[in-house]
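Asks: just coords:
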């Protein structure tokens with residue numbers, strides 16, 4: 001099947017400055033995702049979508065193609081859907097599906113990508129999407145809102161008998177998303193009954209959003225690289 005890898009890398013992150021190219025054990029962060037896609041050796045194109053020439057130069061030097069975004073897709077209001085719809089419409093080849101690899105998931109490697117691809121293609125007639133998931137840190141029974149009265153009325157459960165092992169709740173880990181272009185553009189997201197799960201372990205599911213995540217990623221990557 002024909003497929004492309006898309007790595008979105010907007011500049012100007014507010015939490016961690018230049019998060020998508022922050023140094024992680026000697027490499028700009030997004031390079032790990034580029035390398036995972038290239039090493040899989042199954043994509044017709046590996047494309048980095050960015051608004052930054054600096055990011056573009058890093059992507060090209062790592063072996064990816066670059067598609068630059070317009071200004072309207074480079075601000076905080078632009079959604080992933082907006083970016084993907086624009087890019088899919090500009091790709092100069094017909095594809096069966098695309099694979100979104102967010103640069104903030106550096107522990108996801110080519111083996112994960114290939115395993116997820118095999119699962120998706122084996123179930124291609126039944127499912128339109130695939131999303132990587134991991135076991136949730138807290139079962140959903142433990143996660144509820146607290147209203148202005150600050151009471152625990154939504155936590156009316158006997159937690160003395162709570163056993164974590166009895167719950168198997170999952171959440172998206174942000175590492176891998178797959179979708180058929182027409183179905184994605186029509187639906188606007190990757191989730192629902194036509195979406196297939198690909199389960200990943202905690203170690204490989206590190207997603208860098210803030211400073212704590214970044215420090216954890218450094219520990220995990222150093223361990224993987226034997227540093």
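Replies: Received the coordinates, thanks. Owing to the predicted nature of the structure, the values given are computational and were not obtained by experimental measurement.
Asks: low-confidence ranges, the chain, go.
Replies: Low-confidence regions of the chain, defined here as pLDDT under 70, cover residues 73-76, 162-167.
Asks: ok, longest helix in it?
Replies: The longest helix of the chain (DSSP state H) is helix 211-225.
Asks: so what does it touch, helix or strand wise?
Replies: With contacts taken as 3 or more Cβ pairs under 8 Å, 6 or more residues apart in numbering; DSSP states H and E, helix 211-225 sits against strand 23-24. (Glycine included, C-beta is placed from N, CA and C.)
Asks: where does the most far-flung residue of the chain relative to its centre fall, phi/psi-wise?
Replies: Among the C-alpha atoms of the chain, the one most distant from their mean position (Cα atoms, centre = their mean) is that of residue 149, at 36.6 Å. Residue 149 has phi and psi values of phi -80, psi -10 when expressed as degrees, to the nearest 10.
Asks: likewise the one 4 residues further on?
Replies: Phi and psi for residue 153, reported as degrees, to the nearest 10, are phi -60, psi -20.
Asks: now it. Nearest residue, chain neighbours left out?
Replies: Leaving out its chain neighbours, the residue that sits closest to residue 153 by Cβ to Cβ, 6 or more residues apart in numbering is residue 147, at 7.5 Å.
Asks: and residue 53, by the same measure?
Replies: On the basis of Cβ to Cβ, 6+ apart, the spatially nearest residue to residue 53 that is not a chain neighbour turns out to be residue 68, at 8.0 Å.
Asks: residue 35 too?
Replies: Spatially, and ignoring its direct neighbours in sequence, residue 35 is nearest to residue 62 (6.8 Å; Cβ to Cβ, 6+ apart).
Asks: what's near enough to touch the residue nearest to residue 53?
Replies: Applying Cβ atoms under 8 Å, 6 or more residues apart in numbering, we find residue 68 in contact with 49, 50, 51, 53, 56.
Asks: may I ask which of those residues has the most neighbours?
Replies: residue 50 (26 neighbours; other Cβ atoms under 10 Å).
Asks: can you give me phi and psi for it?
Replies: Backbone phi and psi, for residue 50 under degrees, to the nearest 10, turn out to be phi -150, psi 170.
Asks: any idea how far it lies from residue 9?
Replies: 5 Å (Cβ to Cβ, to the nearest Å).
Asks: so what's in contact with these two at the same time?
Replies: Counting by Cβ under 8 Å, 6+ apart, the common neighbours of residue 50 and residue 9 are residue 59.
Asks: any idea how far apart the tips of stretch 69-88 sit?
Replies: Start to finish, the residues bounding stretch 69-88 are 12 Å apart (Cα to Cα, to the nearest Å).
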